Each structure stands twice: as C-alpha cells, then as structure tokens.
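> Kindly generate the corresponding structure for this input.
(chains A and B)
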Amino acid sequence: MRNGKWVTVANSIPGAHVIGGNRSLGIYQRAGKDAQGNTTPEHVAIVRTDGTNLTRLSDDGNRVENVDLSLAQCQDLQPLDDLSHVPRPGSHRPA
Amino acid sequence: MSMVCPHEGEIQLQTDLVTGGSLENWTLKLYKSNTTPAEGDTAVTYTEADFTGYSAKTLTRSTGSTTWSTPAGSGSVLESGCSISTYHSGTPQSWSATSAQTIYGYFIIGATSGKVIFAEKFASAVSLINPSTITVQPSFELAT
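Sure thing, here's the model as predicted:
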C-alpha cells in the first residue's frame, strides 16, 4: 500500500471521523526513519472530523499523543479510493 | 516519517519529466497543523507556520553547491542504490523563531503551479520557543 493512502478500519475509536456508518478513517504510514535514524514502524494515523490527526492523553497523563494503530491493531483494514468521503480541506483526486 | 508525494505532485513531476524545458522553482514551507500527509492533499490542506521570524524559502531548481546536489545512486533512506539529491547539502534550511509555535512538518509546493510536490510530517512535533531554531535539510530520493 502506498505511503499516505487513505484507509478505513472497523475499530471503534472515540473522536475518529467515521464513514460508512461504523468505520474509522485513517492514513496508512509505511515504516520510515527519523533524522536520528530511528525507525518508525508502519501504522495507521487515525484522523478526526476535520482531517487532522486524532490525539489523546498518554497513559501517564503527561503528554498528548497521536492515535496511531499498528497494523496488528487494525481490524479489517481497507483502502479508501473514493476521496469524496475524506473530510480534509483541499483533498481531492485530480482528473 | 516517510514523505508523501500526493496525486497532484505526481502529475506535476511527471509533467516536468516529459516536457522538460524551464522548470519552476519550489517553495519550502513549514506547517503548524497536526496533519499526516496523504495522497489527495493540496496546499490548502496544510496550515502554514506563522511564528515570528518565519518565511517560506525558495528551493532553486538547479544543481550546484548551494542548490540541489547532482543526483547520485547512493540513496540512504529507502533502500541502497536508489537515486538521491540533497539541497545545499550540509547547510540545512533554517529559521530563527522569536515566538512560540508547534511545528509538525514541512511541505514543498511549485512556486508557479502551487501544487504540493511532497510533504513530510516530523517523527515528533517541534515546539518552538522564543528564541529557538528549526532546521530542515531537503532531500529528494527516488526508488522503485
């Protein structure tokens, strides 16, 4: 799957943008390296209703973190090809 | 994080590739919205930074010591052997902030076309304070 691909998962995630009645919207991110060479594993970044990343308070309550799902956590991961369902400003598929 | 070349960037790059001729410069911008780049993005998807000391930077479309390095088959990020070019290698693009703001990543658009060529979210957001500095080393790597 290409990096940046819109996807949906069957996970019920409070605050996530939901399409098709019960599927949470996210963006597939392939594994990569940061400037320090640390590897970030592939994951799905869940988005909220304005298309930006959904965040939550960390378990220790000390920081805000993005709601990212590992592929193992994703339930019924499906690609989303119809971008008319995407709430993000300006998002489109050129003709 | 890995960069994303959205659909409109793919079309712009392919247009450049097959038509050649005079190429538009690119513009490097930081963004302050918590946005993970995605395939359908356009420039309005991102909320551009506006901290004190910020301005977008021009990336000139040429190869040279202060612009893009000559592409070489020594890619380092995606896989060995792919082609890579770095902008003003060893001298990252830099901004000195004199106001606070959280920066999540950067995006590059065509200076004339306005198309998003590619975008990348930082692995961790950068919280700028007064004073502080943020740097970005643009690098373009191709792999199949």
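
> And the helix-or-strand element of chain A with minimal mean pLDDT, what does it pack against?
Every helix and strand of chain A was ranked by mean pLDDT, DSSP states H and E. The lowest is strand A:32-33, at a mean of 76. The contact analysis (3 or more C-beta pairs under 8 Å, 6 or more residues apart in numbering or on different chains; DSSP states H and E) places strand A:32-33 against strand A:39-40. Just so you know, the C-beta spots here come from the backbone N, C-alpha and C atoms, and that holds for glycine as well.

> how far is the strand it packs on from where the chain is centred?
Taking C-alpha atoms, centre = their mean, to the nearest Å, one finds strand A:39-40 lying 16 Å from the centre of the chain it belongs to.

> per-residue confidence at the residue nearest to residue B:128 when sequence neighbours are not counted?
In space, and not counting its chain neighbours, residue B:128 is closest to residue B:97: 4.2 Å by C-beta to C-beta, 6 or more residues apart in numbering or on different chains. Residue B:97 is assigned 98 on the pLDDT scale.

> now swap in residue B:129 and tell me
97.

> where does chain A have low pLDDT?
For chain A, applying pLDDT under 70 flags the ranges A:34-35, A:94-95.

> sorry, back to before: parallel or antiparallel, list what pairs with the least confident helix or strand of chain A.
strand A:39-40 (antiparallel) (DSSP bridges).

> Just after the strand it pairs with, pick out the following helix or strand.
From strand A:39-40 onward toward the C-terminus, using DSSP states H and E, the following helix or strand is strand A:43-46.

> distance between that following strand and the chain's centre?
Offset of strand A:43-46 from its chain centre (C-alpha atoms, centre = their mean): 3 Å.

> any bit of that strand sitting next to chain B?
Yes. Contact of strand A:43-46 with chain B is found when judged by C-beta under 8 Å from any C-beta of the partner chain, involving residue A:45.

> Run through the helices of chain B in chain order.
Along chain B, counting by DSSP state H, helices occupy B:7-19.

> and the most centrally placed residue in it, what pLDDT?
Taking C-alpha atoms, centre = their mean as the criterion, residue B:108 is the residue nearest the geometric centre of chain B, at 4.1 Å. Note on residue B:108: pLDDT of 98.

> The helix or strand bottoming out on mean pLDDT in chain B: partners in the sheet, and parallel or antiparallel?
Taking mean pLDDT, DSSP H and E as the measure, the helix or strand of chain B with the lowest value is strand B:139-142, at a mean of 83. Pairing partners of strand B:139-142, with direction, according to DSSP bridges: strand B:83-86 (antiparallel).

> Can you name the residues bridging to residue B:68?
Under the criterion used (DSSP bridges), residue B:68 bridges to residue B:63, residue B:87.

> How much space separates it from chain A?
19 Å (C-beta to the nearest C-beta, to the nearest Å).

> residue contacts, that residue?
Taking C-beta atoms under 8 Å, 6 or more residues apart in numbering or on different chains as the criterion, residue B:68 is in contact with B:59, B:60, B:61, B:62, B:85, B:86, B:87, B:140.

> Pull up the residues of chain A that are close to chain B.
Counting by C-beta under 8 Å from any C-beta, the residues of chain A lying close to chain B are A:2-6, A:27, A:29-35, A:38, A:40, A:45, A:47, A:51-53, A:55, A:66, A:83, A:86, A:88-94.

> Quick check on those: which are buried?
Neighbour counting by 16 or more other C-beta atoms under 10 Å in any protein chain shown classes A:3-6, A:27, A:29-30, A:32, A:40, A:45, A:47, A:51-53, A:66, A:86, A:88-92 among those as buried.

> So which of those belong to helices?
Counting by DSSP H, no part of those is found in helices.

> so of those, which ones are in strands?
A:6, A:27, A:29, A:32, A:40, A:45, A:66 (DSSP state E).
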